[in-house]
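S.K.: Can you look at this prediction? I've put the sequence above it.
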Amino acid sequence: MSDKYLNFKSGSDIRGFGIADESEPLYLSDEKVMWFTLSFLKWLCQKTSVKADQLTVSVGHDSRLSAHRIKTAVISALLHNGVNVIDCGMESTPAMFMTTVKLNVDAAIQITASHHPMDKNGLKFFTKDGGLDGSDIEWILLNVTEENIPLIPSPDNVVKQHFLQIYSDILRKKICKGTGIYNEPLKGLKIVVDAGNGAGGFFADQVLAPLGADVSASQFLEPDGNFPNHIPNPENAEAMRSVCDAVKNSNADFGIIFDTDVDRAACVGKNGYQINRNRLIALASSIVLDEHKGATVVTDSVTSDGLSKFIEAHGGVHLRYKRGYRNVINKQIELISNGIDCPLAIETSGHAAFSENYFLDDGAYLITKIIIKLVNLRNQNIDLEDFISNLEEAVEERELRFDIKVKDFKSYGETVIEKLKDYVKHCGGWSLADNSYEGVRISADTDNGNGWALLRLSVHDPVMPLNVESLEKSGADKILRRLKAFLADFDGLDLSDFNKYGV
């Protein structure tokens, strides 16, 4: 057992460079990809108590330039060990999970690096139980065996199955059933889909258009791993502006933007009204709370106080948990196992998992649920954005990142957090927020910032992110000034990010 490959661990994925010089330490060379696949296979055999030559594994990828090279290495390692392989070609990540349900395969491997730059790539693994946890990825990387495995560029014993057609049919049927309209339920709606040249273009052509939607103003549907138009990432400001402009310029009713592999999404109302982050969570929460009275919604830690009020006003309970989509999903599963109704776990990034959908973070499924709501509201002459108009939103938002300059960054960051907690307890006008599961969440009264702040330690990186919101102009700067004075005593922090806000 060796830890030499642990740097390839990225949360619950294996991730590195798909395009790089061979000397790059995190380059996913053919050999490393085959070794990692082999180690996953060992993990799978232990989990299922099934021999490799009795297993079936599906393999897919998004639009990245390195996808075909890496897929060849993955399939070669599987075939070398006698595994039955289904080559699904280009697929969304959620569709690849669904192959474990609909095609009854033992596992699925998706080749993707989500929204990361075009030179990155990675491996994401699924079984019928869902995606692997970080501890599983750690086991895989600690148990790598460096075998000599031959590449098989054109295997003749691999079944090819383009699963997106089956997956799209599932989503179409969901919309018809949810709207109660089985003949063109989207007729009269103009919808813009922005796939960012990732794998999400199918949603326009295979889901929306057959149901009667006008998708003529959609953009960047063609897969292109160079991502020539904008980063395929709903959290990216340029990407959101692009889809908002497309909605406004085409006078569309609705807009959709996916990340590269379609496990995240955001949307746009009429006139370019952005529905992302807290707005997206509010909308998704209102949908599930209509169906699950009194239920709990799990979110990540950086959601707003206004969102909590919104969820409570709709009869729900807001549990603000840790950052990381696997964290919120695992919390959702834990709550349900303890008898607590928790139909939704969702991050501000756009990862959303519904309990009715295998606890899978699926951007296309999220948008499908929202489209059903859009149609049903439309029949009542209500616009989608009006439905969340009572969401209290911050007047100011700030996001800073402080690099930790010491080697043992976790211990240092934890010390900062503990000392800040003690400081807040004796600080007039500030208090520690209730039910905080990550870092230090500060509630500031109307005289001392009128909002909140969250300082936390990044899960993987030597960084302390700080999020601040205020309900009044200049309130965020008031919070930042006090925090800067406190943090000035910590020489191990790079506080230069304060400068971008003139604090």
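M.R.: Received it, and whenever you're ready, just let me know what you need. Remember, it's a predicted structure, so these values are computed and weren't measured experimentally.
S.K.: Could I get the contacting residues of the residue positioned nearest the centre of the chain?
M.R.: Centroid-nearest residue in the chain, with Cα atoms, centre = their mean: residue 351, separated by 3.5 Å. The neighbours of residue 351, taking Cβ atoms under 8 Å, 6 or more residues apart in numbering as the test, are 263, 264, 325, 328, 361. From N, CA and C alone the C-beta is placed, and that goes for glycine too.
S.K.: go on, residue 16?
M.R.: Contact analysis of residue 16 by Cβ under 8 Å, 6+ apart lists 8, 26, 27, 28, 32, 120, 121, 122.
S.K.: Quick check: phi and psi at the residue nearest to the centre of the chain.
M.R.: Backbone torsions of residue 351, given as degrees, to the nearest 10, read phi -70, psi 120.
S.K.: The chain should start at 780 in everything you say after this.
M.R.: Sure thing, new numbering starts at 780, so read that last one as residue 1130.
S.K.: Excluding chain neighbours, what is closest to it?
M.R.: residue 1104 (3.7 Å; Cβ to Cβ, 6 or more residues apart in numbering).
S.K.: same deal with residue 800?
M.R.: Excluding the flanking residues, the one nearest residue 800 by Cβ to Cβ, 6+ apart is residue 806, at 7.1 Å.
S.K.: okay, that neighbour: pLDDT?
M.R.: You'll see residue 806 listed with a pLDDT of 98.
S.K.: Tell me the bridge partners for it.
M.R.: residue 796 (DSSP bridges).
S.K.: count of residues packed around residue 1249?
M.R.: Neighbourhood size, residue 1249 [other Cβ atoms under 10 Å]: 23.
S.K.: Sorry, slip of the keys, the one I care about is residue 898.
M.R.: 17.
S.K.: wait, it sits on residue 794?
M.R.: No - using Cβ atoms under 8 Å as the test, residue 898 is too far from residue 794 to be in contact (11.7 Å).
S.K.: re earlier: residues in contact with the residue nearest to residue 1130?
M.R.: By Cβ under 8 Å, 6+ apart, residue 1104 lies in contact with 1124, 1126, 1128, 1130, 1132, 1140.
S.K.: Point out where the stretch 1180-1282 of the chain drops to low pLDDT.
M.R.: Within the stretch 1180-1282 of the chain, no stretch has pLDDT under 70.
S.K.: where exactly do the helices run in it?
M.R.: Counting by DSSP state H, counting those that start in this stretch, the stretch 1180-1282 of the chain has helices at residues 1188-1204, 1254-1266.
S.K.: what does the chain give?
M.R.: Along the chain, the segments classed as helices by DSSP state H run 809-827, 846-859, 872-881, 913-921, 943-958, 981, 1016-1029, 1056-1070, 1084-1092, 1104-1116, 1142-1157, 1188-1204, 1254-1266.
S.K.: From one end of stretch 885-894 to the other, what's the distance?
M.R.: Using Cα to Cα, to the nearest Å, the end-to-end distance of stretch 885-894 comes to 27 Å.
S.K.: now it: mean pLDDT?
M.R.: Mean per-residue pLDDT for stretch 885-894: 96.
S.K.: repeat for stretch 1073-1091
M.R.: For stretch 1073-1091, mean pLDDT rounds to 97.
S.K.: Give me the pLDDT for residue 784.
M.R.: 97.
S.K.: The one 10 residues further on now?
M.R.: Predicted confidence (pLDDT) for residue 794: 97.
S.K.: next one: residue 913
M.R.: Confidence score, pLDDT, at residue 913: 93.
S.K.: okay but it is in contact with residue 790, surely?
M.R.: Yes - contact criterion Cβ under 8 Å: residue 913 and residue 790 qualify, at 5.9 Å.
S.K.: shared neighbours of those two, anything?
M.R.: Residues touching both residue 913 and residue 790 by Cβ under 8 Å, 6+ apart: residue 1105.
S.K.: Identify whichever of the helices of the stretch 1180-1282 of the chain lies nearest to residue 1032.
M.R.: Closest approach to residue 1032 among the helices of the stretch 1180-1282 of the chain (Cβ to Cβ): helix 1254-1266, 34.1 Å.
S.K.: May I have the closest one as PDB, with CA atoms only?
M.R.: These are the backbone C-alpha positions of helix 1254-1266, laid out as PDB (Å, rounded to 0.1, in the frame of the first residue of the first chain):
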ATOM      1  CA  GLY A1254     -23.000  46.600   5.600                       C
ATOM      2  CA  ALA A1255     -20.700  43.900   4.100                       C
ATOM      3  CA  ASP A1256     -17.700  46.300   4.300                       C
ATOM      4  CA  LYS A1257     -18.600  46.900   7.900                       C
ATOM      5  CA  ILE A1258     -18.400  43.200   8.600                       C
ATOM      6  CA  LEU A1259     -15.200  42.800   6.600                       C
ATOM      7  CA  ARG A1260     -13.400  45.600   8.400                       C
ATOM      8  CA  ARG A1261     -14.000  44.000  11.800                       C
ATOM      9  CA  LEU A1262     -12.900  40.600  10.500                       C
ATOM     10  CA  LYS A1263      -9.800  42.100   9.000                       C
ATOM     11  CA  ALA A1264      -8.800  43.600  12.300                       C
ATOM     12  CA  PHE A1265      -9.300  40.200  14.000                       C
ATOM     13  CA  LEU A1266      -7.400  38.200  11.300                       C
END
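S.K.: Which neighbouring elements make contact with it?
M.R.: Judged by 3 or more Cβ pairs under 8 Å, 6 or more residues apart in numbering; DSSP states H and E, the packing partners of helix 1254-1266 are strand 1175-1183, helix 1188-1204, strand 1219-1223, strand 1230-1234, strand 1242-1249.
S.K.: Run through who's touching that helix.
M.R.: Outside helix 1254-1266, the residues touching it (Cβ under 8 Å, 6+ apart) are 1174-1177, 1179, 1181, 1195, 1199, 1202, 1206, 1209, 1221, 1223, 1227-1230, 1232, 1234, 1245, 1247-1249, 1272, 1274, 1277, 1280-1282.
S.K.: That one: how far from the chain's middle?
M.R.: Relative to the chain's own centre, helix 1254-1266 is displaced by 30 Å; criterion: Cα atoms, centre = their mean, to the nearest Å.
S.K.: What are the buried residues along that helix?
M.R.: By 16 or more other Cβ atoms under 10 Å, the buried positions in helix 1254-1266 come out as 1254, 1255, 1256, 1257, 1258, 1259, 1261, 1262, 1266.
S.K.: Pick out whichever of those sits closest to residue 825.
M.R.: Distances from residue 825 to the buried residues of helix 1254-1266, taken by Cβ to Cβ, are shortest for residue 1266, at 46.0 Å.
S.K.: ok so, going back, any chance of the helices of the stretch 1180-1282 of the chain in TSV, plus distance to residue 1071?
M.R.: Putting these into TSV (distance: least, Cβ to Cβ, whole Å) gives the following:
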stretch	distance to residue 1071
helix 1188-1204	34
helix 1254-1266	34
